[in-house]
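Undergrad: From the sequence below, what's the structure:
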Amino acid sequence: MIILFSGSINSGKTTPAKHLIRTLPRTAHVEVDDLREFIRFMPLEESIPLNLANAVAVTRNFAAYGLNVVLSYSLPQDDYEYLMRERTPLGVLTRCVTLNPDLAAALTDRGTRALTEWELKCVPYHYETGINSPPFGVVIDNTRQTPEETTRQILEHVKE
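TA: Numbers count the residues shown, from 1 in each chain. From the prediction side, this is the model:
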């Protein structure tokens, strides 16, 4: 199974993703933003397509070994469609879950990291463009949920 895990910056994807990989047997986590570390020299706009292609390649490798994959990224519609097309040859069940806390919560420092100025500008943009509430998959309002509650709700969806 592949779980596409989306939401704006600071929507709370990381902790539930970690819970999922501990809960679901043989599950790997592909954090698309982490792939950027390999090509820090490249401008962000140029690196995004390469990061997505690398995420697909890693996901395919994990799936070929019989692993489940949680792939985390802030997915706009076109990137979602790309990922769905690219995973099709795998024949693997795929679910998409988007976390959608209210904007005020997403703009608040949550957990252990403080938002950067760049992130504070990106979060409203994600809400304006609909990344927080896309027309695909299931959208979960996790504003008042603990990460454990969010994980339980995600598991209910992916087991359907």
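
Undergrad: Check what pLDDT residue 160 gets.
TA: You'll see residue 160 listed with a pLDDT of 69.

Undergrad: Likewise for residue 157?
TA: For residue 157, the model assigns a pLDDT of 89.

Undergrad: try residue 62
TA: Here the pLDDT value assigned to residue 62 is 94.

Undergrad: do the same with the one 10 residues further on
TA: Per-residue confidence at residue 72 stands at 95 (pLDDT).

Undergrad: which non-adjacent residue is nearest residue 72?
TA: Distance criterion Cβ to Cβ, 6 or more residues apart in numbering; nearest residue to residue 72, sequence neighbours excluded, is residue 5 at 4.5 Å. Heads up, the C-betas are built off the backbone N, CA and C, glycines and all.

Undergrad: next one: phi and psi at that neighbour?
TA: phi -120, psi 110 (degrees, to the nearest 10).

Undergrad: Quick check: it touching residue 95?
TA: No - if you go by Cβ atoms under 8 Å, residue 5 and residue 95 don't touch, sitting 9.3 Å apart.

Undergrad: between these two, which one's more packed in?
TA: Comparing residue 5 with residue 95 by other Cβ atoms under 10 Å, the one with more neighbours is residue 5, at 29 against 16.

Undergrad: What segments of the chain are strands?
TA: 2-7, 27-31, 68-72, 94-99, 138-140 (DSSP state E).

Undergrad: Which one of these lies nearest to residue 159?
TA: For residue 159, the closest of the strands of the chain is strand 94-99, at 9.3 Å, according to Cβ to Cβ.

Undergrad: Which residue ranges of this protein form helices?
TA: Applying DSSP state H to the chain gives helices spanning 14-23, 32-35, 44-64, 77-87, 103-106, 117-129, 147-158.
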